[in-house]
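Q: Sequence first, predicted model second:
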Amino acid sequence: MTTTQEAVTAAERCAPEFRRDPHPVYAHLREAAPVCPMRPPHGNETYLITRYEDARAALADPRLSKDMYGAMDAYRRIFGDSSVALDDNMLNSDAPKHTRLRRLVNSAFTPRRVRELRPRIEDVVDSLLDECPTREPFDLLPAFAFPLPIIVICDLLGVPPEERSRMQHLSTTVAQTGFGEEAKRAQQRAEEDLHAYFTDLIAAKRRRPGDDLLSALTAVRDNDGGLSENELVSTAFLLMFAGHKTTAYLIGNAVHHFLSHPAQLRALRENPELIRAAVEELVRYEGSVESATFRYATEDVEYAGTRIPKGALVQIALTSANRDPRKFDAPDEFDVTRPGNAQDAHLGFGHGSHYCLGAPLARLETQLALTGLFDRFPGMAPADPAGQARWLEVPFPAFRGLAELPVVLDPAG
């Protein structure tokens with residue numbers, strides 16, 4: 001067994017220079033400290049896993065628990081008391097609870113059900129692009145990348161159209177707060193508002209069910225006892241939150257990298273059938289989920305010769321694993337024709353029992369967003385070609401996304 005003296009602070013992983021380009025740091029850690037101790041501000045002993053094979057194994061390791069109640073003290077220090085009520089869902093549980101919760105929701109995200117959403121998603125893409133300016137610079141994120149998945153997931157859940165912007169605002173507040181007291185208060189207010197909103201919406205669905213997922217889950221709760229009331233509220237929050245943030249950032253990352261790699265965009269235009277492989281390559285190259293959500297060790301475990309003690313938290317750096325040269329040839333090259341661009345090659349949607357339930361929907365939304373954009377606006381270009389991309393600065397390196405994406409859709413118009 002070996003140990004390393006190298007450590008990374010949470011602040012370092014959130015620093016602007018790291019957010020701009022974390023890949024050199026991850027490349028160093030994969031070689032020098034593949035299981036790296038961290039010094040987070042919440043004070044919980046934490047380890048960061050950076051190599052592909054270790055990451056893949058850790059994602060499916062039953063000794064690394066997702067059950068937040070097993071690490072409640074650590075959980076409260078990191079996220080606060082108000083998060084507990086919203087996080088009683090499949091993301092934060094192990095089998096058999098995880099199996100039960102996932103089974104109840106799984107039918108909404110089967111490949112067949114997702115394919116049935118295709119016409120609606122295409123309509124949303126077209127309507128959003130109709131509203132975008134074509135000759136003036138604008139930020140594509142709030143105008144297109146974020147509204148698309150929030151509209152789709154709100155439709156799926158049965159959230160009224162007039163509440164979409166509120167849902168987006170509240171979930172953004174939950175995602176982007178930090179460790180300061182003011183930030184924590186903002187997070188707590190947003191979480192309380194979301195809990196109250198979904199409690200009221202579920203009550204409304206109970207009185208007047210609709211043709212939506214939340215009505216179906218409410219019926220399961222009432223008829224079969226499949227979901228407790230808090231599990232129902234928490235599941236609604238999880239589906240809404242996870243159903244739009246990650247996809248929105250993925251769409252932004254995808255557009256940015258295609259505009260930055262004109263040869264790859266040309267290859268896609270010459271062969272539109274590459275769109276599926278292109279999205280898989282984008283998830284590998286610059287996916288929107290930088291680190292998997294926290295796990296904690298239920299016993300001493302060893303990875304890459306480093307002991308992770310019982311009770312320690314574990315973060316799995318998906319962004320690093322997906323650029324590991326032990327798994328991928330020339331991993332720092334963006335190549336939509338990369339051989340073996342299969343769905344299970346990268347770890348961008350996770351692995352094991354917690355593999356992303358909404359991955360089929362995220363894939364389809366990204367494929368249709370890119371197809372709609374590039375077919376309709378073949379001359380689309382960055383608003384400032386010489387400018388440096390500004391990446392999101394977050395308190396937890398969970399998301400990997402742009403803070404803004406200024407473009408011109410039709411520069412020659």
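A: Looks like it came in fine.

Q: got the contact list for stretch 319-339?
A: For stretch 319-339, the external contacting residues (Cβ atoms under 8 Å, 6 or more residues apart in numbering) are 22-23, 26-27, 29-30, 49-56, 257, 261, 264, 267-268, 274, 277-278, 281-287, 290-291, 345-348, 400. C-beta coordinates here come from the backbone N, C-alpha and C atoms, glycine included.

Q: go again using 7 Å as the cut-off
A: Under the contact criterion Cβ atoms under 7 Å, 6 or more residues apart in numbering, stretch 319-339 has outside partners 22-23, 26, 29-30, 50-53, 55, 257, 261, 264, 267-268, 274, 277-278, 281, 284-285, 287, 290, 346-348, 400.

Q: In PyMOL, how would I select just the buried ones from the residues you listed?
A: With 16 or more other Cβ atoms under 10 Å as the criterion, this PyMOL line picks the buried residues out of these:
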select buried, resi 22+26+29+30+50+51+52+55+257+261+264+268+274+277+278+281+284+285+287+290+346+347+348+400
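
Q: quick one: residue 252 and residue 143 touch, right?
A: No. Judged on Cβ atoms under 7 Å, residue 252 makes no contact with residue 143 at a distance of 11.1 Å.

Q: the more surrounded of these two?
A: Neighbours per residue (other Cβ atoms under 10 Å) separate residue 252 from residue 143, with residue 252 holding more: 26 against 17.

Q: Give the buried residues for stretch 286-301.
A: 286-298, 301.

Q: Now do the same for the residue nearest the centre of the chain: its pLDDT.
A: Centroid-nearest residue in the chain: residue 246, 3.3 Å away (criterion: Cα atoms, centre = their mean). pLDDT for residue 246: 92.

Q: need the next SSE after whichever strand or helix holds residue 102, C-terminal direction.
A: Assigned by DSSP states H and E, residue 102 belongs to helix 97-106. Downstream of helix 97-106, the next assigned helix or strand under DSSP H and E is helix 111-116.

Q: model confidence over that next one, on average?
A: On average, helix 111-116 scores 85.

Q: again, but for stretch 142-156
A: 94.

Q: buried stuff in it?
A: Quick answer for stretch 142-156 (16+ other Cβ under 10 Å): 143-156.

Q: now, which of those residues sits nearest residue 239?
A: Relative to residue 239, the closest of the buried residues of stretch 142-156 is residue 153; by Cβ to Cβ it sits at 6.7 Å.

Q: In contact with residue 137, which residues are there?
A: Residue 137 sits in contact with 383, 406, 408, where contact means Cβ under 7 Å, 6+ apart.

Q: out of the buried residues of stretch 286-301, which are inside strands?
A: The members of the buried residues of stretch 286-301 that map onto strands under DSSP state E are 295-297, 301.

Q: tell me the least confident of the residues you listed?
A: Ranking those by pLDDT, residue 296 lands last with 90.

Q: was I right about that one contacting residue 313?
A: Yes. Using Cβ under 7 Å, residue 296 is in contact with residue 313, at 5.1 Å.

Q: Just confirm residue 48 is within a helix.
A: No. If the criterion is DSSP: H, G, I helix; E, B strand; the rest coil, then residue 48 is strand and not within a helix.

Q: so how far is residue 69 from it?
A: 24 Å (Cβ to Cβ, to the nearest Å).

Q: So which of the two has more stuff around it?
A: Taking other Cβ under 10 Å, residue 48 and residue 69 do not tie; residue 48 has more neighbours (25 against 14).

Q: Beta-bridge partners for that one, please?
A: Beta bridges link residue 48 to residue 36, residue 315 when assigned by DSSP bridges.

Q: got the contact list for it?
A: Residue 48 sits next to 8, 36, 38, 315, 317 when contact means Cβ under 7 Å, 6+ apart.

Q: just residue 156 next, same as before
A: Neighbour list for residue 156: 108, 212-213 [criterion: Cβ under 7 Å, 6+ apart].

Q: so which of these is the most crowded?
A: Scoring the contacts of residue 156 on neighbours with other Cβ under 10 Å, the highest-scoring entry is residue 213 at 22 neighbours.

Q: Is it correct that that one is in contact with residue 157?
A: Yes. Residue 213 is within contact range of residue 157, at 5.4 Å (criterion: Cβ under 7 Å).

Q: And the contacts of stretch 256-270?
A: 274-275, 278, 282, 285-286, 334, 336-337, 374, 381-382, 389, 402, 405.

Q: same thing but 6 Å
A: 274, 278, 286, 334, 336, 382, 402 (Cβ atoms under 6 Å, 6 or more residues apart in numbering).

Q: Out of those residues, flag the one nearest to residue 90.
A: Using Cβ to Cβ, residue 286 comes nearest to residue 90 of the contacts of stretch 256-270, at 26.5 Å.

Q: was I right about residue 361 contacting residue 114?
A: Yes. Using Cβ atoms under 6 Å, residue 361 is in contact with residue 114, at 5.2 Å.

Q: Looking at the two, which one has more neighbours?
A: Between residue 361 and residue 114, counted using other Cβ under 10 Å, the more crowded position is residue 361 (23 against 19).

Q: doesn't that one fall inside a helix?
A: Yes. Assigned with three-state DSSP, residue 361 falls within a helix.

Q: Could you list which of the contacts of stretch 256-270 belong to helices?
A: 278, 286 (DSSP state H).

Q: Can you flag which of the contacts of stretch 256-270 belong to strands?
A: Those of the contacts of stretch 256-270 lying in strands (DSSP E): residue 382.

Q: Throw the contacts of stretch 256-270 into JSON lines and include pLDDT and distance to residue 173, thanks.
A: Compiled in JSON lines, the contacts of stretch 256-270 are given as follows (pLDDT from 0 to 100; distance: Cβ to Cβ, whole Å):
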{"residue": "274", "pLDDT": "95", "distance to residue 173": "38"}
{"residue": "278", "pLDDT": "96", "distance to residue 173": "33"}
{"residue": "286", "pLDDT": "97", "distance to residue 173": "25"}
{"residue": "334", "pLDDT": "97", "distance to residue 173": "32"}
{"residue": "336", "pLDDT": "95", "distance to residue 173": "35"}
{"residue": "382", "pLDDT": "95", "distance to residue 173": "29"}
{"residue": "402", "pLDDT": "94", "distance to residue 173": "19"}
